[in-house]
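this one's sequence-less:
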């Protein structure tokens, strides 16, 4: 039981602890907050703003002004073209979002409203629609959309010069992900998705609200009158829907169930990329460097090389790797794309019929295709590394 | 409130299922079903790959799959003595039937036995033991029954009379595990085979996540367990769906007993089981996916495992001074049945404070008690 003030500072404390102990945000950063309008990302945005506001005050008050203030941008992925909702409603929601973001100043934050079809280089509306239509499994379609959202975020962050993406994922959502990943056979890659930091992407992703429950976030929005935008997504269907109702029932029965759930999964061994990559210290000003808290960052003892699924970007498990290496050289791009996917995506997203894989491949946006190409190249060099002992010398292998 | 809600849901589902079943039967009478994928004989049960099979082909595919699992995982060696944990329920009955069939067909060279535990539950175990006794004659497998009364001096009926219907499954579960090991030792077998099916294992994976039990999570999917103990156990049905087992037993008209334990109220069958059934309806392969996830989990080998020792009192394997069965038994004999349940005072943890009962974990416990799947 907390009074409102303590509740607030407790929640903010969890956020700050996550940020500082994992070096999520440093003074030289340019941070992009992914904002969906829901309570979780609303609180993430609010807390990041407060952090920024405080460091601005410190900056103004300090005499030497050595410590810069990190910059913040906001991204909203606009799904008007594929949403069943009338575009009028979405337009209104976007108006609300503009208002929310413009009220969070100073410092001023840039808002990027990014149509999801922008993930294609040209006009991608039809290709996107056809791509989603090509997936027959309901759960698969939902998951593919999530992967596309992530790629869109990456694209906008990369193009606009951000170096971190903040997601509002909270304990409750992660608890659902733990179960649904287990159910989809993604036990191997699961620990990659649920850590505070995930830098397997070009722009690292951080989850500062990982320790907050959705009930707490809802409560904060309610208490502080933080405006959220209710809309956009209907309830999940298929397996994701089933899982979230299971987690909800269990949580009602025992309020600590979600935490236990996430804690269990937290004991699984994370990957080497689940930390902020070491930066070259000479670039960062000394004042910044001195303030970086790195006590939770273990040295990078073992960097295992992983291959990643081009659709969901999750590391491939042993059997997927084995299948990939047994396949040898593939004839077409679409074949090698299919072979590089994890077994979960192969089942729920890739078309079953081999003849329609070509069509599916032709509809894919550039970032996913590029990922497939890179992973097959990585894989080749990985295989080469493994047979290194058997090669006589570097010069002879080509002849 | 929750329980009422869940029961209603189940009743509703049952009704829908019955209706569907009736409809399906009517339909199958009217026109021939899809062609069998193997022999092109029409109509028959469905297997997990969702291809329709005729009855004969289904049997063949089912048995062949079990055979492959046994061979690939090297579950048995020639001339081994193997006890089949037999409760009289569908899983163990099908296991006994299929194992004796495969043993003959593929010359495994195994000496098979049936091993049953008599918990002493009137109106439940006495009836199911009759089934096992009939199985003994039908399959020509020698049967050994070990009873709680002989081993511990208590029947479950007497235990329930003393402690009531709360926590009685804890006693039963702890005693059964040990009883089976003792029975196996009496039979001088090299291995015990149990009827755990894929649904059971998937459920265990989920429960261990929900309970936060990382140590059990790391070993609950292994097909052979207890290799460091005296008698290893294996699960030849690890990849077999419950649905397939029911279908096999039904179409083969195997003699099995299907009643729930009278001391294990329906509510304990819990969320996880319901969830898996719902899941199977949407995506049958999800059960195997859960097992795959369980096998793939990156669990550091440094995760603390309880140290294995032996019980000072009875010599059974135990991580504590006394094994759990001895602690529980001591409580019963001293008239303090709460000893050893939850975080209560006992010889193993004298210094711990107060009695607290673990109700939270109970309500998501799932497998009904009284079956030999432990």
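Perfect, I can see it now. Remember, predicted model here, so these are calculated numbers, not experimental data.

quick one: average pLDDT of stretch A:196-209?
Stretch A:196-209 comes out with an average pLDDT of 92.

low-confidence ranges in the chain?
Reading this off chain A. Low-confidence segments of chain A (pLDDT under 70): A:1, A:231-235, A:279-305, A:327-331, A:375-399.

nope, chain B please
B:1-50, B:265-269, B:301-307, B:337, B:339-374.

residue of it closest to chain A, please.
Nearest to chain A, among the residues of chain B, is residue B:293, at 2.8 Å (Cβ to the nearest Cβ). No exception for glycine: its C-beta is placed from N, CA and C like everyone else's.

list the contacts for residue A:351?
Residue A:351 makes contacts with A:134, A:135, A:136, A:357, A:359, A:360, as judged by Cβ atoms under 8 Å, 6 or more residues apart in numbering or on different chains.

let's see that with 6 Å instead.
A:134, A:357, A:360 (Cβ atoms under 6 Å, 6 or more residues apart in numbering or on different chains).

now do the host helix or strand of the last one: which elements does it pack against?
This points to residue A:360. Using DSSP states H and E, residue A:360 sits in helix A:354-363. The helices and strands touching helix A:354-363, judged by 3 or more Cβ pairs under 6 Å, 6 or more residues apart in numbering or on different chains; DSSP states H and E, are helix A:125-133, helix A:333-340.

now it against helix A:125-133, angle please.
Orientation check (axes from the mean of the first three to the mean of the last three Cα atoms, to 10 degrees): helix A:354-363 against helix A:125-133 gives 140 degrees.

ok now helix A:354-363, how far from the chain's centre?
26 Å (Cα atoms, centre = their mean, to the nearest Å).

what ranges does chain B have for its helices?
For chain B, helices defined by DSSP state H occupy the ranges B:2-30, B:55-72, B:90-105, B:125-139, B:148-152, B:156-163, B:168-187, B:198-211, B:214-219, B:242-251, B:270-282, B:286-296, B:324-333.

what residues are up against the residue of the stretch 1-150 of chain A found nearest chain B?
Going by Cβ to the nearest Cβ, chain B is nearest to residue A:139 of the stretch 1-150 of chain A, at 7.4 Å. Residues near residue A:139 by Cβ under 6 Å, 6+ apart: A:238, A:239, A:240, A:348.

of those residues, which pair is most distant in space?
The widest separation within the contacts of residue A:139, taken as Cβ to Cβ, falls between A:240 and A:348 and amounts to 10.9 Å.

looking at these two, which has the bigger crowd around it?
Legend: neighbour count by other Cβ atoms under 10 Å in any protein chain shown for residue A:240 and residue A:348, higher for residue A:348 (24 against 21).

wait, the more buried one touches residue A:140, no?
Yes. Using Cβ atoms under 6 Å, residue A:348 makes contact with residue A:140 at a distance of 3.3 Å.

can you list the helices and strands packed on helix A:354-363 in TSV and add distance to chain B and mean neighbour count?
Formatted as TSV, these follow (distance: least, Cβ to the nearest Cβ, whole Å; neighbours: other Cβ atoms under 10 Å in any protein chain shown):
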stretch	distance to chain B	mean neighbour count
helix A:125-133	19	16
helix A:333-340	18	21
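
so which of the ones you listed comes closest to residue B:194?
Of the helices and strands packed on helix A:354-363, nearest to residue B:194 by Cβ to Cβ is helix A:333-340, at 38.1 Å.

got the angle for that closest one vs helix A:354-363?
100 degrees.

what helices and strands are in contact with helix A:333-340?
helix A:354-363, helix A:366-386.

returning to what we had before: may I see the buried residues of the helix holding residue A:360?
A:357, A:360, A:361, A:363 (16 or more other Cβ atoms under 10 Å in any protein chain shown).

how about the residues of the stretch 101-250 of chain A by chain B?
Residues of the stretch 101-250 of chain A found near chain B, taking Cβ under 6 Å from any Cβ of the partner chain as the criterion, are A:182, A:183, A:184, A:185, A:187, A:188, A:191, A:242, A:246.

count the residues that sit near the first one.
Pointing back at residue A:182 there. 26.

after the host helix or strand of it comes which helix or strand?
Element membership for residue A:182 (DSSP H and E) is helix A:171-183. Where DSSP H and E defines the elements, the next helix or strand beyond helix A:171-183 is helix A:190-193.

which other residues reach that following helix?
Contact with helix A:190-193 is made by A:181, A:268, A:270, A:271, A:315, B:298, as judged by Cβ under 6 Å, 6+ apart.

now these as JSON lines including neighbour count and distance to residue A:174?
Output for these, formatted as JSON lines (neighbours: other Cβ atoms under 10 Å in any protein chain shown; distance: Cβ to Cβ, whole Å):
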{"residue": "A:181", "neighbour count": "24", "distance to residue A:174": "10"}
{"residue": "A:268", "neighbour count": "23", "distance to residue A:174": "13"}
{"residue": "A:270", "neighbour count": "17", "distance to residue A:174": "13"}
{"residue": "A:271", "neighbour count": "21", "distance to residue A:174": "16"}
{"residue": "A:315", "neighbour count": "22", "distance to residue A:174": "18"}
{"residue": "B:298", "neighbour count": "18", "distance to residue A:174": "17"}
